[in-house]
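Enquirer: 3D model of this:
(2 chains)
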Amino acid sequence: MSKRTLELELATPGVDAAGRPARVPLTAAAGGEPDLGEEHMLVNMGPQHPATHGVLRLVVELDGETVVRCIPHLGYLHSGFEKLGEYRHYNQIIPLTDRTDYLSPMANNVGFALAAERLMGIEITPRCQVLRVLACEMSRIISHMVWLGTTSIDLGAFTPFLWAFQQREKIYDLQEMWTGARLTTSLTRVGGLLADIPDGFVDRLRDFTKTFPKTLSEIDRVLTRNAVWAGRTQGVGTLTAAEAINQSLSGPMLRASGVPYDLRKDKPYLGYETYDFDVIVGEHGDVFDRYLVRLEECHQSNRILEQALERLPDGPINVDDPRVILPSKTRAMSDMEAMIFHFKQVMEGVRAPVGEAYVGIENPKGELGTYLVSDGTAKPVRWRIRPPSFINLSALPKMAEGHLLSDLIAINASVDIVMGEVDR
Amino acid sequence: MTSLPPIPGALRTVVARDGDTIVYVAREHLLDAMTWLKTTPGQDFNYLVDVTAVEYRDRERPLEVVYFLRSLERRADIRIKVELNPADELVVDSVYHLWHGADWLEREVFDMFGITFRGHPDLRRILMWETYAEGYPLRKSFPLRGRFSRAEQVRQALNANPEAHYSMEELSIAEAGGDLPDDMRERLRRGERGVIPEPPAPTP
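Expert: Here you go, the predicted model:
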């Protein structure tokens, strides 16, 4: 590509009547503007770019400032999780699920455990169900808070980022209290949980549910009717309902286009059908509607958290099946039979019957599907993750075409990708 | 085994452990079956949830390409499978023209299993890089550590020409090569990376 130079007259012609420097538009020195030609420009964005939300590389063909084509290149964070899973016991896969969508690790843990339990025909206890609902909705809040914070930074609003991350930090503290880790939670086990919630957890979470709506309304006040925010998001990256369905979008991306589909309502798991919450649906399918859907989903998650805390039953968190759940350390050291079960489980793992099972759960980013195929051994033949942000991202080229390069940032942000899951 | 549904090319039906129906479809009738499922009133499977493939540890068993379909209106799921004999060519018809969501999903199956989707508009590797030469990672014949030795993997990584897959066909920035210093362009052309050029011999 040849270099073009444009000489500009930068000298200011003096001061105006009020004594301020006169403002005049920059003009080309001689011969007017050079002919910039019809030639398209190719711009490489990423993989190291703050606004691509991870190691995503976009190659963009531009006509002036308008995106003609956008081709994503993936795989910079590919870790081969699905291959690794074929060499691990079911419970050993759970730490891998933390690392796929690392912004909502507890929900991924739940998704995998549900699929493994469906495969093995295990019914979890009522307390475990409610605790897993807590885990899923806490994950939804932190994931949406990260999305909101980073997207507002991408579009030039810094304050909501600080407010959102403050709330996220509170959930992370609770996560740390429960599992001992902020990010790599590994919360679930096949048939139960790593641990019951500690003392004081319920009170702290209840405090959070009381203060969180205030932050949401503050964010709503600075963004929703903000002219800059609305101008940069409304009518940008629009997808109709038919297009969204054809592109297999899921989660807030699908609902923002006006399709009222939420797995929590339509294929309920963990007793979600007994909670009172609304499915949030957009109208125009643009970036602004995706923002509204996610913001309102935080309110709904908060409602579910309140209800779950209200009904949290007492009782065991693990199923009573020594073939699946490890015996307590005291029993394993004092009781012969418990020790044998302990040994068998650690050395051989939990065996699943021959067959296959698919469970989709409504993750913050969309439908997280876990597909397990077993040949009767303790390790799955195939562990497939249906990655919601990978499939949502595949609609990016279609959404970006015809928009300005600066809108590409907004559109890409609105997909809510996390590259750990896109590349797996 | 229940009675066969009226899907074109249906071979047999199985109920999975999660209660979903799996219908095995003959490979040559896949597109007919998918079109029928998508467009027939009362079926309306308008949403493609996922496309993936399964290879069993038993080498005798055929590979399976698995399609998860859903009808959003009827809230119903169905799973379609096509069996491929690993000794034959691994080819099935692409369903891209029915669901655009199949675009990246089929590319991923191609990348990981080496199954070709006939009629896909842009079947390239997606997670692995385009010059990846070790094969298809999710095949059972592929060792967990990769097919090449660590030394060979390092050698290839150092020798990789990062400009090579900036080709014009897939929209690249190859033209930026014109702005590179001559000696660097020359080294890239020879495919040399990570090689420090010999210092010129001291003149006596």
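Enquirer: quickly list the domain ranges of chain B.
Expert: Domain assignment for chain B, taken from automatic domain parsing, gives B:10-139, B:148-195.
Enquirer: turn those domains into TSV, columns for mean neighbour count and mean pLDDT.
Expert: (Each C-beta comes from the backbone N, C-alpha and C, glycine too.) As requested, those are arranged in TSV below (neighbours: other C-beta atoms under 10 Å in any protein chain shown; pLDDT from 0 to 100):
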stretch	mean neighbour count	mean pLDDT
domain B:10-139	18	88
domain B:148-195	13	59
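Enquirer: can I get the ones you listed in CSV including distance to A:L56?
Expert: Rendered in CSV, the data for the domains of chain B read as follows (distance: least, C-beta to C-beta, whole Å):
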stretch, distance to A:L56
domain B:10-139, 12
domain B:148-195, 15
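Enquirer: now for the lengthiest helix in chain B, which elements pack on it?
Expert: When every helix of chain B is counted residue by residue (DSSP state H), the longest turns out to be helix B:102-113. Applying 3 or more C-beta pairs under 8 Å, 6 or more residues apart in numbering or on different chains; DSSP states H and E, one finds that helix B:102-113 contacts helix A:388-393, strand B:47-54, strand B:116-118.
Enquirer: can you redo those as TSV with distance to A:Q175?
Expert: Formatted as TSV, the entries for the helices and strands packed on helix B:102-113 read as follows, by distance: least, C-beta to C-beta, whole Å:
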stretch	distance to A:Q175
helix A:388-393	21
strand B:47-54	29
strand B:116-118	41
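Enquirer: nearest to A:V324, of those?
Expert: strand B:47-54 (24.4 Å; C-beta to C-beta).
Enquirer: so what's the gap between that closest one and the chain middle?
Expert: Once both centres are worked out by C-alpha atoms, centre = their mean, to the nearest Å, strand B:47-54 turns out to sit 12 Å from its chain's centre.
Enquirer: quick one: it near chain A?
Expert: Yes: applying C-beta under 8 Å from any C-beta of the partner chain, one finds strand B:47-54 in contact with chain A at B:47-50, B:52, B:54.
Enquirer: tally up the residues packed near A:I391, please.
Expert: Counted with other C-beta atoms under 10 Å in any protein chain shown, residues neighbouring A:I391 total 28.
Enquirer: residues contacting residue 81?
Expert: By default, I'm working from chain A. With C-beta atoms under 8 Å, 6 or more residues apart in numbering or on different chains as the criterion, the residues that contact A:F81 are A:96, A:99-100, A:383, A:385, A:424.
Enquirer: I was thinking of chain B, sorry if that wasn't clear
Expert: Residues in contact with B:K81, defined by C-beta under 8 Å, 6+ apart, are B:22-25, B:64-67.
Enquirer: returning to what we had before: so which of the helices and strands packed on helix B:102-113 gets nearest A:V133?
Expert: With C-beta to C-beta as the measure, helix A:388-393 is the member of those nearest A:V133 (19.1 Å).
Enquirer: could you export the residues of strand B:47-54 next to chain A as TSV, including distance to A:G251?
Expert: Compiled in TSV, these are given as follows (distance: C-beta to C-beta, whole Å):
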residue	distance to A:G251
B:Y47	13
B:L48	15
B:V49	13
B:D50	14
B:T52	19
B:V54	25
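Enquirer: who's in contact with B:I80?
Expert: B:22-23, B:25, B:30, B:33-34, B:37, B:66-67, B:69.
Enquirer: find the nearest non-adjacent residue to it, please.
Expert: Closest residue to B:I80 apart from its sequence neighbours, by C-beta to C-beta, 6 or more residues apart in numbering or on different chains: B:Y67 at 4.3 Å.
Enquirer: the one you found bridge partners, please.
Expert: With DSSP bridges applied, the residues forming beta bridges to B:Y67 are B:V51, B:I80.
Enquirer: surely it and B:Y47 touch.
Expert: No: B:Y67 is not in contact with B:Y47 according to C-beta atoms under 8 Å; the separation is 11.3 Å.
Enquirer: check the gap between the closest residue to chain B within the stretch 201-350 of chain A and A:D199 for me.
Expert: Per C-beta to the nearest C-beta, A:S248 is where the stretch 201-350 of chain A lies closest to chain B, at 2.6 Å. According to C-beta to C-beta, to the nearest Å, A:S248 stands 44 Å off from A:D199.
Enquirer: all helices for chain B, in order.
Expert: Taking DSSP H to define them, one finds helices in chain B at B:30-39, B:102-113, B:150-159, B:182-189.
Enquirer: now do the longest one: everything it contacts.
Expert: For helix B:102-113, contacts defined as C-beta under 8 Å, 6+ apart pick out A:82, A:248, A:390-391, A:393-394, B:48, B:50-53, B:55, B:63, B:65, B:90, B:94-96, B:115-117, B:120-128, B:136-139.
Enquirer: close to chain B: what parts of the stretch 51-200 of chain A are there?
Expert: Proximity of the stretch 51-200 of chain A to chain B, by C-beta under 8 Å from any C-beta, involves residues A:59, A:61, A:69, A:71, A:74-75, A:78, A:80, A:82-84, A:87, A:118-119, A:121.
Enquirer: in strands, which of those appear?
Expert: A:59, A:61, A:69, A:71 (DSSP state E).
Enquirer: report the buried members of those.
Expert: In terms of neighbour count (16 or more other C-beta atoms under 10 Å in any protein chain shown), the buried residues within these are A:59, A:61, A:69.
Enquirer: so the second one makes contact with A:E39?
Expert: Translated: A:E61. No: with contact defined as C-beta under 8 Å, A:E61 and A:E39 do not form a contacting pair (10.7 Å).
Enquirer: can you tell me the residue of chain B closest to chain A?
Expert: Relative to chain A, the nearest point of chain B is B:G101 (2.6 Å; C-beta to the nearest C-beta).
Enquirer: contacting residues around that residue?
Expert: With contacts defined as C-beta under 8 Å, 6+ apart, B:G101 is in contact with A:246-249, A:391, A:394, B:48.
Enquirer: try it again with 6 Å
Expert: Going by C-beta atoms under 6 Å, 6 or more residues apart in numbering or on different chains, B:G101 touches A:247-248, B:48.
Enquirer: hang on, the earlier thing: how close does the residue nearest to B:I80 get to B:L31?
Expert: The gap separating B:Y67 from B:L31 is 11 Å, by C-beta to C-beta.
Enquirer: between the domains of chain B, which gets nearest to A:P160?
Expert: Between the domains of chain B, domain B:10-139 lies closest to A:P160; by C-beta to C-beta that is 31.3 Å.
Enquirer: tell me how far the ends of that closest one are from each other?
Expert: Here the two ends of domain B:10-139 are set 26 Å apart, with distance taken as C-alpha to C-alpha, to the nearest Å.
Enquirer: from the chain's centroid, how far away is that domain?
Expert: 11 Å.
Enquirer: stretch A:156-164 too?
Expert: Stretch A:156-164 has its C-alpha centroid displaced from the chain centroid by 18 Å (C-alpha atoms, centre = their mean).
Enquirer: need the contact partners of it.
Expert: Counting contacts by C-beta under 6 Å, 6+ apart, the residues touching stretch A:156-164 from outside are A:145, A:148-149, A:152-153, A:215, A:219.
Enquirer: in it, what counts as buried?
Expert: Result for stretch A:156-164 [16+ other C-beta under 10 Å]: buried residues A:157, A:160-161, A:163-164.
Enquirer: how much space separates A:E348 from A:I325?
Expert: Taking C-beta to C-beta as the criterion, A:E348 is separated from A:I325 by 15 Å.
Enquirer: can you check A:R264 too?
Expert: Computed with C-beta to C-beta, the distance linking A:R264 and A:I325 is 27 Å.
Enquirer: could you do B:A10 as well?
Expert: Computed with C-beta to C-beta, the distance linking B:A10 and A:I325 is 41 Å.
Enquirer: quick check on the spatially most central residue of chain A: phi, psi?
Expert: When chain A is reduced to its mean C-alpha position, the closest residue under C-alpha atoms, centre = their mean turns out to be A:K365, at 4.0 Å. With angles defined as degrees, to the nearest 10, A:K365 shows backbone torsions of phi -90, psi -10.
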